[in-house]
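Enquirer: Got a predicted structure plus its sequence, pasted below:
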Amino acid sequence: MTKKLWGGRFQEATDKLVEVFNASVTFDQKLAEQDIRGSLAHVAMLGKQGILEPEEVTQITDGLNSILEDIRAGNFEWSVSLEDVHMNIESRLRERIGPVAGKLHTARSRNDQVATDFRLFTKEAALELADLLHGFRSVMALEAEKHLTSDEGQPVILPGYTHLQVAQPILLSHWFLAYVEMLERDESRFRDAARRMDESPLGAGALAGTPWPIDRFATAEALGFARPTRNSLDSVGSRDFALEFLAACSIATAHLSRLSEELVLYSTFEFGFLTLPDSHTTGSSIMPQKKNPDVSELARGKAGRVFGDLMALLTVVKGTPLAYNKDFQEDKEPVFDAFETLAIILQLHIDMMPKAKWHAKVTRRAAQRGYSTATDLADYLARQGVPFREAHEVAGELVHLCVSQDRQLWDLTEEELKNAHPLLTRDVAQYLTVESSANARLSYGGTGVERVKEAVQDAKERL
Ligand code: ARG
């Protein structure tokens, strides 16, 4: 039987099922690198503070480095009866360098150790996701720029929707830039979260600090943290850094899920707005004609598990008294899962979006349907002093007339227009094309070409 590092006060062996239930090494071995970095910083500080002899520091440091090499090379056998990553590594250190290994845990507890390892991991994961989001938003900004000129040299027009009913024509570039905005906020959420979790819990001990003359500022600096945490209870008893990470993952995944839904819909035969690349779609084993948007569907579906990860940890944390509780061992899998899920979704989108082909003729035709320029007709009247509510009513009646006769607003005769309102003439027709409608919207943040060109430049400058 493997020797427990806390065996002293126990007379009876741990129940086998308890060992399995209690163990986290099957998943927290992902923290091995962080664990060894933390131990190296700790032992160096113990040496500098005169708590350990220089020779002991050298022995422990060399031992930890050789273990790190073994782990990287895949030559490390993890043992479930040693419970977690921390005790697996410390036990191996003892096998390798003898009883001096036991001095590593001076002035430290697994409680501050795991909090340190996990913060290091989560901070790095947050910054990695922020970089991926940055990459994806640069892809989307370039797509926005690309679609300012279609094959005919004109900006690509897209129907804009509310309630998934045709609303007003917009530029496809404007649609891309809407996602750029969301992705930019997502990126900054991760960077903000990383900044807030940038504090080292190492040296908080089990919960109350330590009587040893340690230097927490030195270990914080050695580990790349901005500073040590301020309160020892909070250091080992809080997991809101992980919750914040998961919340940021959830919001970003929600955005990607919305994008995915639009891509699924717009790539259908019925919409036909775009064709997704063969490299990122799949076929059917029975229906030869099929080209399924699996990546988009899975990205949409995986939002379920990422939200679940957030909900799982919120629920774990909510009833726990200060400070450390074993419940917190449940903090890791949701973070690993959300991180890996979002990272692959982002990479897939970075690769897929530039290869999607948009069909400008189809999107333009779709933007013309559904009386999408009726607002422009109302605005035409309102510009001549008719109160907007009245102008809206007149335009609505004309839409009704057109719907009942299956005609278009720009086909109405001089007489029909006059009947609806004396100030309405055929002159209005020029304002009812999708191009003129989109281009008229020159308010700041609007879809008018001049505004969108500026917005593209602005988005690129922010990269
Ligand atoms: N495996 C544990 C965790 O993930 C490490 C900390 C254990 N501390 C303790 N006092 N049992 O939370």
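Expert: On my side now, so go ahead. All figures in this text were calculated on a predicted structure; none of them were measured in a lab.
Enquirer: tell me the SS of the residue of the stretch 151-300 of the chain found nearest the ligand?
Expert: Of all residues in the stretch 151-300 of the chain, the one sitting closest to the ligand is residue 206 (7.1 Å; CB to the nearest ligand atom). Backbone N, C-alpha and C define where each C-beta goes, glycine included. Assigned state for residue 206: coil (three-state reduction, DSSP: H, G, I helix; E, B strand; the rest coil).
Enquirer: so how far is residue 119 from the closest residue to it other than its chain neighbours?
Expert: In space, residue 206 comes closest to residue 109 once its chain neighbours are excluded; the distance is 3.9 Å by CB to CB, 6 or more residues apart in numbering. When CB to CB, to the nearest Å is the yardstick, residue 109 and residue 119 sit 15 Å from each other.
Enquirer: Mind checking which of these two has more residues around it?
Expert: Shown here are residue 109 and residue 119; by other CB atoms under 10 Å, residue 119 has more neighbours (25 against 18).
Enquirer: I'd assumed residue 241 was in contact with the more buried one.
Expert: Yes: at 6.1 Å, residue 119 counts as touching residue 241 under the criterion of CB atoms under 8 Å.
Enquirer: what touches both of these two?
Expert: residue 197 (CB atoms under 8 Å, 6 or more residues apart in numbering).
Enquirer: Sketch out the low-pLDDT regions of the stretch 1-150 of the chain for me.
Expert: Judged by pLDDT under 70, the stretch 1-150 of the chain has its weakly predicted residues at 1-2.
Enquirer: Strands of that one, start to end?
Expert: Secondary structure of the stretch 1-150 of the chain, counting by DSSP state E, counting those that start in this stretch: no strands present.
Enquirer: Identify the residues contacting residue 395.
Expert: Going by CB under 8 Å, 6+ apart, residue 395 touches 374, 375, 377, 378, 381.
Enquirer: quick one: which of those is most hemmed in?
Expert: By neighbour count, taken as other CB under 10 Å, the most surrounded of these turns out to be residue 377 (29 neighbours).
Enquirer: And the helix or strand containing that residue, what does it pack against?
Expert: With elements taken from DSSP states H and E, the one containing residue 377 is helix 374-383. Contacts defined by 3 or more CB pairs under 8 Å, 6 or more residues apart in numbering; DSSP states H and E place helix 374-383 against helix 388-405, helix 434-440.
Enquirer: Break the chain into its domains for me.
Expert: Residue ranges for the domains of the chain, per automatic domain parsing: 15-106, 112-155+172-212+230-357, 366-450.
Enquirer: Would you mind measuring from residue 48 to residue 222?
Expert: To residue 222, residue 48 is 10 Å away according to CB to CB.
Enquirer: So between these two, which is more surrounded?
Expert: Between residue 48 and residue 222, counted using other CB under 10 Å, residue 222 has the larger neighbour count: 18 against 15.
Enquirer: picking that back up, which of the contacts of residue 395 sits closest to the ligand?
Expert: residue 375 (57.5 Å).
Enquirer: Let me know the pLDDT of that closest one.
Expert: On the pLDDT scale, residue 375 is placed at 95.
Enquirer: wait, isn't it in contact with residue 168?
Expert: Yes: distance between residue 375 and residue 168: 6.1 Å, which falls inside the contact criterion (CB under 8 Å).
Enquirer: Show me whatever sits in contact with both of the two.
Expert: With contacts taken as CB under 8 Å, 6+ apart, the residues that reach both residue 375 and residue 168 are residue 437.
Enquirer: Which of the helices or strands spans whichever residue of the stretch 351-463 of the chain sits closest to the ligand?
Expert: Residue of the stretch 351-463 of the chain nearest the ligand, by CB to the nearest ligand atom: residue 351 (35.1 Å). Assignment of secondary structure by DSSP H and E places residue 351 within helix 332-352.
Enquirer: Perfect, I'm done here.
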